[in-house]
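> Requesting a structural model of the entry that follows:
(one chain, ligands or ions: 2)
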Amino acid sequence: MVDKKLGGAGLRGQSAGETSLSTVGQSGTGLTYCGYDVTDLAENVTFEEVAYLLFHGELPNQTQLDAYKQKLKSLRCLPRALKEVLERIPADAHPMDVMRTAASMLGNLETEKDFSEQKDAADRLLATFPAIICYWYRFSHFGDRIITETDDDQLGAYFLHLLHGKKPSELHARVMDVSLILYAEHEFNASTFTARVCASTLSDLHSCITGAIGSLRGPLHGGANEAAMELIQDLTDPDHARSVLAQKLANKDKIMGFGHAVYRESDPRNAIIKQWSQQLSQQADSSRLYDVSVACEAFMWEQKKLFCNADFFHASAYHYMGIPTKLFTPIFVCSRLTGWAAHVFEQRANNRIIRPSADYVGVEPRTVTPIEQR
Ligand SMILES: CC(=O)SCCNC(=O)CCNC(=O)[C@H](O)C(C)(C)COP(=O)(O)OP(=O)(O)OC[C@H]1O[C@@H](n2cnc3c(N)ncnc32)[C@H](O)[C@@H]1OP(=O)(O)O
Ligand SMILES: O=C([O-])CC(=O)C(=O)O
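Ligands and ions are numbered 1, 2, ... in the order given. All right, here's what the predicted structure looks like:
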């Protein structure tokens, strides 16, 4: 793998601490969680195993996994006060604002009083995030008060079940599971770094997660999967895709779902989700979204040597599973919560408050002019 030339703004390339949770752009296909290649994990384990790995440092054995899944299932009930808050948030709210408010509200209702409660607090958030976003969505858009306690075995299938009101197909359940694995953890990305900065003040887990959701919301980070959908939805065929992109590049527009702060030639998550998007397209009425996405990928590489990041083919994959575009980034939250929480645990275990310095570029020292003379 070629190292990206790093330096300058955005703290690019500077080490801001240690982690044993993941490596980005260093070994294997480019992304490892606790030493396992993400490609290996996406092929051979489930998201619940990845969550356990990030929280405990090792994959669970069968007994541990069964107990963990049982625990998560038992935590799916939303408190009445949280449902009341969700019912008051309007349908035109940004779903990431719903997630941010809900994480904060849960922090009021079920405050983490001591760090010894951190894993239970994280499991509770993990178990409830799919219910939170689907409860708000179904109530605000259709007036449904859904029952959030179901017997779904896995979080991805649980989300699709609550969203659509019926259990998903095996293929859809598997794609959601893989998607959650791919989004789970990514070293010191902007939202995780937000969580760690907050943790370094010895704040509570809900504050760390609430802040991280705010950072993930932006289109340069998690919001890119929705922005990519907005781009591809209007592309009629590969020729049209090429001409729209050529115009955008001429305008110096950023093309969402392309490029990365660390990877230089490819994002290993792309090949995986792309292959699942292709499978979904073969079952769909039309393969247009997949075909135009492939044309965008080829054109961007040919013109700018820019490659698809994790977000680009997630857009078509999620769309093929009937997921409304506005819920794409909240799914990212449901997954990345595991990475955020694991980083909070790691920060707390060896903490020093994160407080860098700034290079001052303002005016020279001066004295106050009395107000009547200004
Ligand atoms: C899961 C995730 O969060 S993955 C990231 C999701 N975000 C996106 O997809 C948004 C689109 N992409 C981007 O904005 C950027 O590629 C980022 C934010 C991901 C990384 O930013 P940086 O590290 O600053 O990018 P990088 O240093 O590689 O940029 C090099 C050049 O390529 C350009 N470039 C990078 N990405 C893009 C893009 N998607 N479209 C057009 N040009 C781009 C930059 O503008 C820069 O040009 P310049 O030198 O003329 O200023
Ligand atoms: O690492 C980054 O900068 C962004 C990213 O891909 C992620 O958070 O998954």
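
> now the helices: where do they sit in the stretch 201-350 of the chain?
205-216, 224-232, 238-250, 268-283, 288-304, 312-320, 328-349 (DSSP state H, counting those that start in this stretch).

> Which among those helices is found nearest to residue 34?
Comparison of the helices of the stretch 201-350 of the chain against residue 34 by Cβ to Cβ identifies helix 328-349 as nearest, at 9.1 Å. No exception for glycine: its C-beta is placed from N, CA and C like everyone else's.

> Buried ones in that closest one, by neighbour count?
Buried residues in helix 328-349, counted by 16 or more other Cβ atoms under 10 Å: 328-348.

> Distance from the chain centre to that helix, please.
8 Å (Cα atoms, centre = their mean, to the nearest Å).

> So that helix, near ligand 2 or not?
No. Under the criterion of Cβ under 6 Å from any ligand atom, ligand 2 is not reached by helix 328-349; the shortest gap measures 7.1 Å.

> From what I see, residue 45 and residue 180 are in contact.
No. Using Cβ atoms under 8 Å, residue 45 makes no contact with residue 180, being 11.3 Å away.

> Could you export stretch 325-340 as PDB, CA atoms only?
What follows is stretch 325-340, C-alpha atoms only, in PDB (Å, rounded to 0.1, in the frame of the first residue of the first chain):
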ATOM      1  CA  THR A 325     -32.100   8.000   2.000                       C
ATOM      2  CA  LYS A 326     -32.500  10.100   5.100                       C
ATOM      3  CA  LEU A 327     -31.900   7.100   7.300                       C
ATOM      4  CA  PHE A 328     -28.500   6.100   5.800                       C
ATOM      5  CA  THR A 329     -26.300   8.100   8.200                       C
ATOM      6  CA  PRO A 330     -28.300   7.000  11.300                       C
ATOM      7  CA  ILE A 331     -27.400   3.400  10.300                       C
ATOM      8  CA  PHE A 332     -23.800   4.400  10.400                       C
ATOM      9  CA  VAL A 333     -24.400   5.600  14.000                       C
ATOM     10  CA  CYS A 334     -25.900   2.200  14.900                       C
ATOM     11  CA  SER A 335     -22.700   0.600  13.800                       C
ATOM     12  CA  ARG A 336     -20.000   3.100  14.700                       C
ATOM     13  CA  LEU A 337     -21.300   3.400  18.300                       C
ATOM     14  CA  THR A 338     -19.200   0.200  18.900                       C
ATOM     15  CA  GLY A 339     -16.000   1.900  17.700                       C
ATOM     16  CA  TRP A 340     -16.800   5.100  19.600                       C
END
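
> State the number of residues packed around the single nearest residue of the stretch 201-350 of the chain relative to ligand 2.
Closest approach between the stretch 201-350 of the chain and ligand 2, counting by Cβ to the nearest ligand atom: residue 261, at 4.3 Å. Residue 261 sits with 18 neighbouring residues when counted by other Cβ atoms under 10 Å.

> and what of residue 351?
Here the count is done by other Cβ under 10 Å, and residue 351 has 13 residues near it.

> which SS state does it fall under?
Following DSSP: H, G, I helix; E, B strand; the rest coil, we place residue 351 in the coil state.

> circling back: which of the helices of the stretch 201-350 of the chain sits most buried?
helix 312-320 (a mean of 28; mean count of other Cβ atoms under 10 Å).

> Can you add distance to residue 50 and mean pLDDT and give the helices of the stretch 201-350 of the chain back as a markdown table?
Formatted as a markdown table, the helices of the stretch 201-350 of the chain follow (distance: least, Cβ to Cβ, whole Å; pLDDT from 0 to 100):
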| stretch | distance to residue 50 | mean pLDDT |
| --- | --- | --- |
| helix 205-216 | 18 | 98 |
| helix 224-232 | 19 | 96 |
| helix 238-250 | 33 | 98 |
| helix 268-283 | 13 | 98 |
| helix 288-304 | 26 | 98 |
| helix 312-320 | 17 | 98 |
| helix 328-349 | 7 | 98 |
